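In: Okay, here's the prediction I keep looking at, along with the sequence it came from:
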Amino acid sequence: MRVLLICSSARGHAIADALKRSPESPDIIAMCKERNPGVEDLAETLVVDDIMNFQSALNIAKKYKPNFAFIGPEDPIGGGLSDALSAAGIPCVAPTKSLGRLESSKGFTRNLLRKHGIDASPKFRVFSSDQGSEMYKFIDQELEGAFVVKYDALKGGKGVKVSGEHLKNIDEGVAYARECIAECGSVVIEEKLIGVEFSLLSFASGKTTVDMPAVQDHKRAFNGDTGPNTGGMGTISDAGHSLPFLTTQDLARASEINRLTAEALLKECNAEYKGILYGGFIAVKDGVRLIEYNARFGDPEALNILPLLESDFVTICQAILTGELSDELVRFAHKATVCKYITPEGYPQNNDQRDAVVRFPALPNNARLFYGNIRRDGDGVLHLGSSRTAGIVGVGSTIAEAETLAESLCQRVEGPVRHRSDIGTEALLNERSTTMQRLRSAVHS
Ligand code: AMP
Ligand code: GLY
């Protein structure tokens, strides 16, 4: 068994680890944009190259003849690497370019849900020509000034601007919308939703979806959800596979939206979505809405989810490809996890600590460490890059137990680094639950 893994960062390390834990113990041929030390230790071969160089990926595939490929990040999926590898006879656990529009075009996704009667979107409109006054009127009259403007193509997680945060008034919103249209041809303008965000990722075979434990990301750079947005500073999951601030109905609805969306894609594109379907949701006063879809594992979400996988990841990948995916093939441990990212002190504002030495403590059995943007030198010493360094995951019977473990390990990391000490704490969880109770009770009063 041989798997081609196109990856970067700690998510790639977590995927490689899950593949390697399979009883099949596949040979991993990795193509990464950097020499990730975690992937390097697990892979038989690691090729460092631009992961958007599809010809190089095809050359590697031809040389090593993997049974299948797994694509980690969104850019090669959005660019059509799955199509290119499939055409060369390598089946891919990753959607085609057309199906991958679920992530690469926010307008496609909003229109897909509308067309197929999936009532999960906020009020929205997609504009593809510069209708300044129409946009102004829509925001002012229909959205009552609470709005979000979304670049309608991949932009490394930086294409969304929210009123009251990044956009001070409607004029700024319209100006950004115009910029989006000029750059990528269209823009989504939608209602700003109030609630608590969470992610529900599903394995998808085109015929069926099987859910993973729900996860919550923490995007802001600093404690108390302050500071600029980042790729994600840490993530939590609970032993019951839901989250403390969600109702049973909220989770069931998110699961249903994932299933209905996979069915809608099949009808719309006449092709099966095979890969990871990552729903970014928000629990609001009267249920759940979809914020966005991603066509891949989340980073850090994968760092929580994959260590909990008790069943064979290679078998799941194969079942995705053959269409035989079923609930019985997927079993997750009933444990809670807290992942905290260690980052350089200046992240995300500056990269002044780049190349500084970083040292990690020894890990107990119930903790995991996944390397991100980090370099190992010839003496085995680790050095910081400029982005997220490594995710430390605590596993426990409760979120509190997992948090205590992750936090104590993070505090023992040596180097000019930081992490968010509040992720997974009781105080932050209580705040989320209180927000949801307040929103729900306002509806019922
Ligand atoms: P996205 O790239 O679509 O995940 O958007 C990035 C972030 O923008 C999300 O995680 C939310 O915090 C925020 N966001 C996106 N859409 C909305 C919305 N309709 N209402 C409120 N916040 C949103
Ligand atoms: N953690 C958010 C993402 O992977 O998009």
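Out: Sure, I can see it. Worth saying up front: this structure is predicted, and the values here are computed from it rather than measured. Ligands and ions are numbered 1, 2, ... in the order given.

In: Identify the residue of the stretch 101-250 of the chain closest to ligand 2, quick one.
Out: At 3.5 Å from ligand 2, G232 is the closest residue in the stretch 101-250 of the chain, using Cβ to the nearest ligand atom. Heads up, the C-betas are built off the backbone N, CA and C, glycines and all.

In: surely that residue meets F297?
Out: No. Applying Cβ atoms under 8 Å, one finds G232 not in contact with F297, separated by 11.8 Å.

In: out of the two, which sits in the more crowded spot?
Out: A direct count of neighbours by other Cβ atoms under 10 Å for G232 and F297 places F297 higher, at 26 against 22.

In: how about S386, secondary structure?
Out: coil (DSSP: H, G, I helix; E, B strand; the rest coil).

In: In contact with it: list those residues for me.
Out: P344, Y347, N351, R354, N373 (Cβ atoms under 8 Å, 6 or more residues apart in numbering).

In: hmm, back to that, phi, psi for the residue of the stretch 101-250 of the chain closest to ligand 2 please.
Out: G232 adopts backbone torsions of phi 130, psi 120, taken as degrees, to the nearest 10.

In: And K123, by the same measure?
Out: Per degrees, to the nearest 10, the backbone of K123 is at phi -60, psi 130.

In: how much space between it and R114?
Out: Distance of K123 to R114, computed by Cβ to Cβ, to the nearest Å: 11 Å.

In: go on, V39?
Out: Separation of V39 from R114 (Cβ to Cβ) stands at 40 Å.

In: Settle it for me: which of those two has more neighbours?
Out: The neighbour count for V39 versus R114, taken as other Cβ under 10 Å, is higher for V39 (28 against 14).

In: which SS state does the residue of the stretch 251-400 of the chain found nearest ligand 1 fall under?
Out: Residue nearest to ligand 1 within the stretch 251-400 of the chain: E292 (3.3 Å; Cβ to the nearest ligand atom). Assigned with three-state DSSP, E292 falls in the strand class.

In: OK, contacts around D130?
Out: Contacts were defined as Cβ under 8 Å, 6+ apart; by that measure D130 touches R178, I181, A182.

In: let's see 6 Å
Out: Counting by Cβ atoms under 6 Å, 6 or more residues apart in numbering, D130 touches R178, I181.

In: The nearest residue to K267 once chain neighbours are set aside: neighbouring residues, count only.
Out: Excluding the flanking residues, the one nearest K267 by Cβ to Cβ, 6 or more residues apart in numbering is H116, at 6.7 Å. Number of residues near H116 (other Cβ under 10 Å) recorded here: 14.

In: Thought E263 was touching H116, still the case?
Out: No. When contacts are counted by Cβ atoms under 6 Å, H116 is not listed as touching E263 (7.7 Å).

In: Pass me the low-pLDDT residue ranges in the protein, would you?
Out: Flagging of the chain using pLDDT under 70 yields the residue ranges 444-445.

In: List the buried residues for the helix ranked longest in it?
Out: The longest helix of the chain (DSSP state H) is helix 248-269. Under the neighbour-count criterion of 16 or more other Cβ atoms under 10 Å, helix 248-269 has 250-251, 253-255, 257-265, 268-269 buried.

In: after that helix, next one along is what?
Out: Later in the chain than helix 248-269, the nearest helix or strand by DSSP states H and E is strand 275-284.

In: So which residue is dead centre in this structure?
Out: Nearest residue to the geometric centre of the chain (Cα atoms, centre = their mean): G298, 2.0 Å.

In: In contact with it, which residues?
Out: S199, Y278 are the contacts of G298 under Cβ under 6 Å, 6+ apart.

In: The chain should start at 578 in everything you say after this.
Out: Sure thing, new numbering starts at 578, so read that last one as G875.

In: quick one, helices of the stretch 678-827 of the chain?
Out: 678-681, 683-692, 709-714, 747-761, 825-846 (DSSP state H, counting those that start in this stretch).

In: got these as TSV, with distance to ligand 2 columns?
Out: TSV is the format used below for those (distance: least, Cβ to the nearest ligand atom, whole Å):
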stretch	distance to ligand 2
helix 678-681	9
helix 683-692	13
helix 709-714	27
helix 747-761	19
helix 825-846	16
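
In: Looking at those helices, which is nearest to V726?
Out: Evaluated over the helices of the stretch 678-827 of the chain, closeness to V726 peaks at helix 747-761, with 5.1 Å, by Cβ to Cβ.

In: Close to ligand 2: what parts of the stretch 728-877 of the chain are there?
Out: G734, D794, G809, N871, G875, D876 (Cβ under 6 Å from any ligand atom).

In: related to what we said a few turns ago, identify the farthest-apart pair in the buried residues of helix 825-846.
Out: Farthest pair in those (Cβ to Cβ) is D827 and C846. Separation: 28.5 Å.

In: Quick check: next helix or strand after the host helix or strand of P653?
Out: Element membership for P653 (DSSP H and E) is helix 651-656. Next helix or strand after helix 651-656 toward the C-terminus (DSSP H and E): helix 658-664.

In: buried residues in that next one?
Out: For helix 658-664, burial by neighbour count (16+ other Cβ under 10 Å) applies to L658, S659, D660, A661, L662, S663.

In: just stretch 945-963 next, same as before
Out: Those would be 945-953, 959-963, for stretch 945-963 by 16+ other Cβ under 10 Å.

In: How far off centre is that stretch?
Out: Mean-position distance between stretch 945-963 and its chain equals 22 Å (Cα atoms, centre = their mean, to the nearest Å).

In: What's the end-to-end length of it?
Out: Start-to-end span of stretch 945-963 (Cα to Cα, to the nearest Å) is 22 Å.
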